[in-house]
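Asks: Predicted model, plus sequence, below.
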Number of protein chains: 2
Amino acid sequence: MSETAVAELPRDFDELRASILSQRESLPKRIAQIAAYALDNPDEIAFGTAASIAVSAGVQPSTLIRFAQHLGFDGFTSLQGVFRARLRERNSSYEERLNTLRVGDGTAAGNHRILDGFLTASRKSLDVMSRTIDEATLDRAIDVLARAETIYILARRRSYPVASYLAYALGKLQVRNQLVESAAGLDPEMIAFATPKDAVLVISFSPYAPATIEDARGLAERDVPLVAITDSAFSPLASIAKLWFEVAEADFGGFRTLASTMALSMALAVGVGEARRAGRGRGRRGGHA
Amino acid sequence: MSETAVAELPRDFDELRASILSQRESLPKRIAQIAAYALDNPDEIAFGTAASIAVSAGVQPSTLIRFAQHLGFDGFTSLQGVFRARLRERNSSYEERLNTLRVGDGTAAGNHRILDGFLTASRKSLDVMSRTIDEATLDRAIDVLARAETIYILARRRSYPVASYLAYALGKLQVRNQLVESAAGLDPEMIAFATPKDAVLVISFSPYAPATIEDARGLAERDVPLVAITDSAFSPLASIAKLWFEVAEADFGGFRTLASTMALSMALAVGVGEARRAGRGRGRRGGHA
DNA sequence: GCGGGAATGAAATAATAATTCCATCAATTC
DNA sequence: GAATTGATGGAATTATTATTTCATTCCCGC
């Protein structure tokens, strides 16, 4: 009957912290020591081994296990799980939600669930972009595009809506641009005019439209600077482009959102607009650096 | 003398990614497979065990070790270290950024501020839609569209990207649809074919494109059911349409997002797809209720 | 079609890490 | 001030996990 165990075991990091803080007074010395260490160095707990943590916290490995058991876990490993979950949680809260929202089954509340699914997927995409966007790439991409005489926009199929919005936005901002879209036909002539003084903004996601890749390759060979938005480092665009963004869109019911791609595109457009305005003021427009 | 080792071992995640990408072509099949998996699921690599990762990547544990050695590490463990370091790094820099955002909000560097602005505006739009969407309208709209023989999609300028995505999605779902877009030209003939057995999905925001409104009005007069997505009760579409959604998109720097309009459109598309599938099973397709 | 060499899968083995056990120590109560 | 209870340190044990090895397959050049 030595089990004083505090009954409810913390399921996530916040509960765990609360649990520790509430018992703080009554904890034995060494346990309190490791408790303080854990709250101060959560990453250490998440990644370390019982032995390594014990050393840097100045206790014995067995104390770690006692600590875990005091909190209601059955061992160090499950305690560590909570610290690890905390690090990945930033994505996974959405995952859960999306899993409960499956498309196919119910007919009744079904439609609302579908909308919820897309809203959740969109939010997730936006969050991922907030976290992962590389500021330096963004700056350089805007710089490249701002120097271009004409921006060629290359996108087909699923990415095409983004391209058409880009064309609209750039037009509004009075940035010369050319949307290359038609499945067949005039594209070759269109892009034939592009020179190294122009730039291409190409958007393509797996499965990459072959025509887009071909066009992009052709342009790259003629030294037209390429800025790409794509979905993986293994995209053919990643190896061709001067600069590329990796965008991970969440999907729902087999359709990926375009939320973060859209946001990025708009930021590029407005960024270019601003750079142009600033540049023109200083008489730098069209310069070749 | 089996050590082909590629000399320099990557010290951080970026170097590692670069290294993988540069060798991408020459990697053996299974190694390439785990390489792609690693770049797509870095968190898995950081937390998992060799065995668990092997299972979810569909390879043998030994392949993981070979992969690590190909990259110059002496084993899986040290490779994993790089993935873990990245996670700590990213986590701390993410928190840092959140802090600086809260503290000096207007001050964030220019281009990044623009992107943040669009991301925030998009999130806001999604939140508003979550709260305000009327479920009954959604159900009825999907019902109307699902009964249509052909769905005509009407949108221009700023709304056009949404329309083009709808056309794409409906096409994928094998729902017959007709995108009406051209600024000049063939539209009159296109929509001349529409009958009350069809339906129109029209999207327009202030300032409403005159051509869209005219087309919509003409179709309504001929009793073609109209579903509209627009931005206010004062929109000319609100009085014409059989059903309409009010969508309030947040804006940044003079550009409105399309995030919630997109989400709604995708929900409509998928909802129609689902209804069709269910309806066809029960032989209800094309009925007129 | 036939070696030769790399790549792969599966299982054995080695290493590492978590957990348990026990002797000792400290504190509290009678 | 002895006895009891709980806490602690350290080492033994057990479990898990990485790594190695070896047999087999696949691919490429002849």
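Replies: That came through fine. Numbering: from 1, shown residues only, chains lettered A, B, ... in the order given.

Asks: Just give the number of residues close to A:Pro207.
Replies: As a burial measure, the neighbour count of A:Pro207 was computed by other CB atoms under 10 Å in any protein chain shown and equals 8. (C-beta placed from N, C-alpha, C; glycine too.)

Asks: Which stretches in chain A count as strands?
Replies: For chain A, the strands defined by DSSP state E occupy A:151-155, A:177-180, A:199-203, A:226-230, A:243-246, A:251-252, A:255-256.

Asks: what stretches of the stretch 1-150 of chain A score poorly on pLDDT?
Replies: In the prediction, the stretch 1-150 of chain A carries residues with pLDDT under 70 at positions A:1-8, A:89-93, A:95-96, A:98, A:100-109.

Asks: how about 90 then?
Replies: By pLDDT under 90, the low-scoring segments of the stretch 1-150 of chain A are A:1-30, A:32, A:40-43, A:58, A:70-74, A:85-112, A:128, A:131-132, A:134-135.

Asks: how about the residues of it near DNA strand D?
Replies: Among all residues of the stretch 1-150 of chain A, those adjacent to DNA strand D (criterion: CB under 7 Å from any atom of the strand) are A:2, A:28-31, A:59-63, A:66.

Asks: Mean neighbour count and mean pLDDT for the strands of chain A - can I get that in TSV?
Replies: What follows is the strands of chain A, written out as TSV (neighbours: other CB atoms under 10 Å in any protein chain shown; pLDDT from 0 to 100):
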stretch	mean neighbour count	mean pLDDT
strand A:151-155	25	94
strand A:177-180	21	90
strand A:199-203	27	95
strand A:226-230	25	96
strand A:243-246	21	94
strand A:251-252	20	89
strand A:255-256	21	91
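
Asks: could those go into CSV alongside distance to DNA strand C?
Replies: Putting these into CSV (distance: least, CB to the nearest atom of the strand, whole Å) gives the following:
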stretch, distance to DNA strand C
strand A:151-155, 34
strand A:177-180, 38
strand A:199-203, 31
strand A:226-230, 25
strand A:243-246, 25
strand A:251-252, 28
strand A:255-256, 30
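
Asks: Pipe those strands into a markdown table and attach distance to chain B per row.
Replies: Formatted as a markdown table, the entries for the strands of chain A read as follows, by distance: least, CB to the nearest CB, whole Å:
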| stretch | distance to chain B |
| --- | --- |
| strand A:151-155 | 10 |
| strand A:177-180 | 11 |
| strand A:199-203 | 12 |
| strand A:226-230 | 13 |
| strand A:243-246 | 9 |
| strand A:251-252 | 8 |
| strand A:255-256 | 6 |
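
Asks: Would you mind giving those strands as JSON lines with distance to A:Asp74 added?
Replies: Conversion of these to JSON lines gives the following (distance: least, CB to CB, whole Å):
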{"stretch": "strand A:151-155", "distance to A:Asp74": "53"}
{"stretch": "strand A:177-180", "distance to A:Asp74": "60"}
{"stretch": "strand A:199-203", "distance to A:Asp74": "50"}
{"stretch": "strand A:226-230", "distance to A:Asp74": "45"}
{"stretch": "strand A:243-246", "distance to A:Asp74": "40"}
{"stretch": "strand A:251-252", "distance to A:Asp74": "37"}
{"stretch": "strand A:255-256", "distance to A:Asp74": "40"}
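
Asks: can you tell which of the ones you listed is closest to B:Lys197?
Replies: For the strands of chain A, distance to B:Lys197 was read as CB to CB. The smallest value, 26.9 Å, belongs to strand A:255-256.

Asks: Can you tell me what sits against that closest one?
Replies: With CB atoms under 8 Å, 6 or more residues apart in numbering or on different chains as the contact definition, strand A:255-256 has outside contacts at A:118, A:121, A:158, A:205, A:249-250, B:169, B:172, B:266, B:269-270.

Asks: quick one, what contacts the residue in chain A positioned nearest to DNA strand C?
Replies: The nearest approach of chain A to DNA strand C comes at A:Gly75, 2.3 Å away (CB to the nearest atom of the strand). Contacts were defined as CB under 8 Å, 6+ apart; by that measure A:Gly75 touches A:65, A:68-69.

Asks: go with 6 Å
Replies: By CB atoms under 6 Å, 6 or more residues apart in numbering or on different chains, the contact set of A:Gly75 is A:65, A:68.

Asks: hang on, A:Val128 packs against A:Ala250?
Replies: No. No contact is recorded between A:Val128 and A:Ala250 when judged using CB atoms under 6 Å, the distance being 7.5 Å.

Asks: Which of those two has more residues huddled nearby?
Replies: Neighbours per residue (other CB under 10 Å) separate A:Val128 from A:Ala250, with A:Ala250 holding more: 23 against 18.

Asks: any idea how far A:Ser22 is from the more buried one?
Replies: From A:Ala250 over to A:Ser22 the distance is 37 Å, taken as CB to CB, to the nearest Å.

Asks: What parts of chain A come near DNA strand C?
Replies: On the criterion CB under 7 Å from any atom of the strand, DNA strand C has as its neighbours in chain A the residues A:49-51, A:61-62, A:64-65, A:68, A:74-78, A:80.

Asks: Throw the residues you listed into CSV and include distance to B:Asn177, thanks.
Replies: CSV is the format used below for the residues of chain A next to DNA strand C (distance: CB to CB, whole Å):
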residue, distance to B:Asn177
A:Thr49, 58
A:Ala50, 60
A:Ala51, 63
A:Pro61, 65
A:Ser62, 68
A:Leu64, 62
A:Ile65, 62
A:Ala68, 58
A:Asp74, 57
A:Gly75, 58
A:Phe76, 58
A:Thr77, 54
A:Ser78, 52
A:Gln80, 52
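
Asks: Compare those and tell me which is most surrounded.
Replies: Neighbour counts for the residues of chain A next to DNA strand C (other CB under 10 Å) peak at A:Leu64, which has 27 neighbours.

Asks: Spit out the contact partners of it.
Replies: Residues counted as contacts of A:Leu64 (CB under 6 Å, 6+ apart) are A:50, A:54, A:76.

Asks: Just send those back as TSV, with distance to A:Met262 too.
Replies: Putting these into TSV (distance: CB to CB, whole Å) gives the following:
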residue	distance to A:Met262
A:Ala50	47
A:Ala54	49
A:Phe76	45
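
Asks: Using TSV, lay out the residues you listed together with distance to chain B.
Replies: TSV is the format used below for the contacts of A:Leu64 (distance: CB to the nearest CB, whole Å):
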residue	distance to chain B
A:Ala50	16
A:Ala54	19
A:Phe76	15
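
Asks: of all the residues of the stretch 1-150 of chain A next to DNA strand D, which comes closest to B:Pro236?
Replies: Using CB to CB, the shortest approach to B:Pro236 within those belongs to A:Ile31, at 70.4 Å.

Asks: Can you give me the neighbour number for that closest one?
Replies: When counting by other CB under 10 Å, one arrives at 21 neighbours for A:Ile31.

Asks: check contacts around it.
Replies: With contacts taken as CB under 6 Å, 6+ apart, A:Ile31 has the following neighbours: A:67, A:70.

Asks: What of A:Pro196?
Replies: By CB under 6 Å, 6+ apart, the residues touching A:Pro196 are A:223-224.

Asks: Could you check the pLDDT of it?
Replies: In the prediction, the pLDDT value recorded for A:Pro196 is 90.

Asks: again with A:Arg284
Replies: 44.

Asks: List phi and psi for A:Pro10.
Replies: Main-chain dihedrals, A:Pro10, degrees, to the nearest 10: phi -60, psi 130.

Asks: separation between it and A:Arg17?
Replies: A:Pro10 sits at a distance of 8 Å from A:Arg17 (criterion: CB to CB).

Asks: Which parts of chain A are helices?
Replies: Using DSSP state H, the helices of chain A run over residues A:13-23, A:29-40, A:42-47, A:50-57, A:61-70, A:76-100, A:110-132, A:135-147, A:160-172, A:187-192, A:210-221, A:236-240, A:259-281.
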